[in-house]
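**Student:** return atomic coordinates for the entry below.
(2 chains)
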Amino acid sequence: MLQKPRGTRDFLPDEMEARRHVELKLRDVARCYGYREVCTPEFEDLELFTMRSGEGIIEEMYVFEDKGGRKLALRPEITAAVIRMYINEAKVAPKPLRWCYFADCFRYERPQKGRYRQFWQFGVELIGADTAAADAETIMLASDMLNATGVRYELKVGHLSFMKNLVKDLEPAMQRRVRAHLDKKDYDGLNATLESLNRMDLAASLTALVNTRDLVEAFEIAGAIPEKERFEQTIGSLDAAGVKYSLNFGIARGLDYYTGMVFEGFAENLGAENQILGGGTYRLAHLFGGDDVASCGFAIGFDRVMVSLGDIQPAVVPVVGLVCTIEGRTRVLVVAKSLRDAGIRTEMDLMGRGLGAQLAHASKTANFAIVIGKREAESGQVTIKNLLTAEQKTVDLAAAIAEVRAFGPG
RNA sequence: GCCGGGGUGGGGUAGUUGGUCAUCCUAGAGGAUUGUGGAUCCUCCGACCCGGGUUCGAAUCUCGGCCCCGGCCCCA
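**Tutor:** Here you go, the predicted model:
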């Protein structure tokens, strides 16, 4: 038997309904903040991703050559594509742009809990606003979106300038190495690196910076950073808006295109792969040949949110199972059309079953059975049966439709 | 790429000191029941991940591969 490719999943209807349910909540919050959906190609020139992240990421992507010999890659994330699109299509649109997307991405990695080779991201990009208000609103949006899903999570907000300021005298390669140590809380490695550089004087302040959760203390440790006022404003706005977060100056956010404020979200009940959100301010446009533009955005790891949420109660919707006898076969089609025109999910027998068997089937798949037999065909009425209560009555079709429509949770 | 645990009908399982027709539950189809469902009973459908090896004989032992789960690495 053929298996699906490694790290991919099939979604049955129950799961798709749960996913759409959560997706709609995310969409709704983004819409309320003024974000409009965009869509970019599933695959792009390989260069789009290597420009941004270096050749190393080829190992972690689905890379292929098309019949014209072009080097392409399935998108491993969407931010780069959105900025490319902005430069191609929307440079002169009024700023700021608020764009969002919900789309699948592909990474060639070893699957584990919450990590798949095809996975979905819900992301937003705020393009062209370079202010504390923009930074704060983006974090507020992230917080509201995660809250809307019901996932339990922790939000961490930081800023790259604090750490950069401490290590600014080191070689760029050494700066990255130090940040990598701190990101992993690898203090032995940190000390070894600093010792080899003869800069053990930095050890205490770096460690203190990564561990502090206090803004004033962070400024004292890191010294004068140029974005001090803006970050204070950002944090002040978050507090004023009642956003729940903690400060964390150890967030490194992987690569270098993040410029300042960064934030991450972690779900409480996942395993090693517990990060469900990541974002910050960044500048990418210059890489793709555009005038540089300040941007701020984040992406939510949709699949991890779903794993964290666990089983979701499906929405209760009315379903009608039509049941008919031979005499009712013609009229049942008319009734089916009326029900469907009224927006009611309606299913009828396609198996040639007898009345009892049709009803048995309806009891498993529907909330109501509507019976069209000889009597109903002659009288022009229908018999509607509530399959939960077993109550049954013969009424006009309009009355039956009204009863089905009145059905709902609780 | 690395470490550990796994893979038996659609789902869940029994069976692994090698030996009848591979167990049971559930789901699905049909019937007992051609104007009323959920119960019961009967019938049917349907599996040893793939390939090589050892053997008279492999679900069971062995080797390789694939896939799943957890972790490492990485995480743009």
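
**Student:** per-residue pLDDT, the residue of the stretch 101-250 of chain A found nearest RNA strand B?
**Tutor:** Nearest to RNA strand B in the stretch 101-250 of chain A, going by C-beta to the nearest atom of the strand, is A:Lys113, at a distance of 2.5 Å. C-beta: built from backbone N, CA, C; applies to glycine. According to the prediction, A:Lys113 has pLDDT 84.

**Student:** same check on A:Leu255?
**Tutor:** Reading off the model, A:Leu255 has pLDDT 57.

**Student:** toward the C-terminus, what is the element adjacent to the helix or strand bottoming out on mean pLDDT in chain A?
**Tutor:** The weakest-scoring helix or strand in chain A, judged by mean pLDDT, DSSP states H and E, is helix A:172-183 (a mean of 82). Note on helix A:172-183: by DSSP states H and E, the next helix or strand toward the C-terminus is helix A:187-196.

**Student:** hmm, the residue of the stretch 101-250 of chain A closest to RNA strand B is touching A:Asn274, no?
**Tutor:** No - the criterion here is C-beta atoms under 8 Å, and A:Lys113 misses it with A:Asn274 at 9.2 Å.

**Student:** ok, these two, which is more surrounded?
**Tutor:** Between A:Lys113 and A:Asn274, counted using other C-beta atoms under 10 Å, A:Asn274 has the larger neighbour count: 19 against 12.

**Student:** pretty sure that one contacts A:Gly114?
**Tutor:** Yes - assessed by C-beta under 8 Å, A:Asn274 is found in contact with A:Gly114 at 7.3 Å.

**Student:** spit out the residues that contact those two alike.
**Tutor:** Here A:Asn274 and A:Gly114 have A:Arg304 as joint contacts, going by C-beta atoms under 8 Å, 6 or more residues apart in numbering.

**Student:** ok, which stretches of the stretch 101-250 of chain A are helices?
**Tutor:** Assigned by DSSP state H, counting those that start in this stretch, the stretch 101-250 of chain A shows helices spanning A:132-149, A:160-166, A:172-183, A:187-196, A:201-211, A:215-222, A:228-241.

**Student:** and those helices, which one averages the lowest pLDDT?
**Tutor:** Among the helices of the stretch 101-250 of chain A, helix A:172-183 carries the lowest mean pLDDT, a mean of 82.

**Student:** backbone dihedrals for A:Tyr258, please?
**Tutor:** phi -70, psi 140 (degrees, to the nearest 10).

**Student:** the domain parsing of chain A - what is it?
**Tutor:** What automatic domain parsing lists as the domains of chain A is A:11-150+A:268-314, A:153-248, A:319-405.

**Student:** got a list of what the most centrally placed residue in chain A touches?
**Tutor:** Centroid check for chain A by C-alpha atoms, centre = their mean gives A:Phe122 as the closest residue, at 3.1 Å. Applying C-beta under 8 Å, 6+ apart to A:Phe122 gives the contacts A:Glu23, A:Leu26, A:Arg27, A:Ala30, A:Cys100, A:Tyr101, A:Phe102, A:Met145, A:Ala299, A:Ile300, A:Phe302.

**Student:** ok, of the residues you listed, which one's closest to A:Ala390?
**Tutor:** Proximity of the contacts of A:Phe122 to A:Ala390 (C-beta to C-beta) peaks at A:Glu23, which lies at 36.7 Å.

**Student:** residues touching the residue nearest to the residue of the stretch 101-250 of chain A closest to RNA strand B when sequence neighbours are not counted, list them.
**Tutor:** Leaving aside its chain neighbours, A:Lys113 sits nearest to A:Gly271 (4.4 Å; criterion: C-beta to C-beta, 6 or more residues apart in numbering). A:Gly271 makes contact with A:Gln112, A:Lys113, A:Gly114 under the criterion C-beta under 8 Å, 6+ apart.

**Student:** the closest residue to A:Glu109 other than its chain neighbours: neighbour count?
**Tutor:** Distances taken as C-beta to C-beta, 6+ apart put A:Glu60 closest to A:Glu109, at 5.9 Å, once the chain neighbours are dropped. Around A:Glu60 there are 14 other residues, counting by other C-beta under 10 Å.

**Student:** which SS class is the residue nearest to A:Lys113?
**Tutor:** coil (DSSP: H, G, I helix; E, B strand; the rest coil).

**Student:** kindly report the same for A:Leu2.
**Tutor:** coil.

**Student:** strands of the stretch 201-350 of chain A, start to end?
**Tutor:** For the stretch 201-350 of chain A, the strands defined by DSSP state E, counting those that start in this stretch cover A:246-247, A:258-267, A:275-282, A:295-301, A:319-324, A:345-348.

**Student:** okay if I get these as JSON lines plus mean neighbour count and mean pLDDT?
**Tutor:** Listed next are the strands of the stretch 201-350 of chain A as JSON lines, based on neighbours: other C-beta atoms under 10 Å; pLDDT from 0 to 100:
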{"stretch": "strand A:246-247", "mean neighbour count": "14", "mean pLDDT": "95"}
{"stretch": "strand A:258-267", "mean neighbour count": "23", "mean pLDDT": "92"}
{"stretch": "strand A:275-282", "mean neighbour count": "24", "mean pLDDT": "94"}
{"stretch": "strand A:295-301", "mean neighbour count": "25", "mean pLDDT": "96"}
{"stretch": "strand A:319-324", "mean neighbour count": "24", "mean pLDDT": "95"}
{"stretch": "strand A:345-348", "mean neighbour count": "18", "mean pLDDT": "95"}
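
**Student:** would you format these as CSV with distance to A:Leu387 included?
**Tutor:** As requested, the strands of the stretch 201-350 of chain A are exported to CSV (distance: least, C-beta to C-beta, whole Å):
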stretch, distance to A:Leu387
strand A:246-247, 50
strand A:258-267, 38
strand A:275-282, 39
strand A:295-301, 39
strand A:319-324, 8
strand A:345-348, 13
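
**Student:** so which of these is nearest RNA strand B?
**Tutor:** strand A:275-282 (5.2 Å).

**Student:** tell me the angle the closest one makes with strand A:295-301.
**Tutor:** Interaxial angle, strand A:275-282 versus strand A:295-301 (axes from the mean of the first three to the mean of the last three C-alpha atoms, to 10 degrees): 170 degrees.

**Student:** export strand A:275-282 as CSV, just CAs?
**Tutor:** C-alpha atoms of strand A:275-282 as CSV (Å, rounded to 0.1, in the frame of the first residue of the first chain):
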residue,chain,number,x,y,z
GLN,A,275,7.2,27.4,20.2
ILE,A,276,3.9,28.4,18.6
LEU,A,277,4.7,32.0,17.6
GLY,A,278,7.7,34.1,16.6
GLY,A,279,8.1,37.5,15.2
GLY,A,280,9.6,41.0,15.5
THR,A,281,10.7,44.0,13.6
TYR,A,282,12.8,43.3,10.5
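
**Student:** nice, that's everything, thank you.
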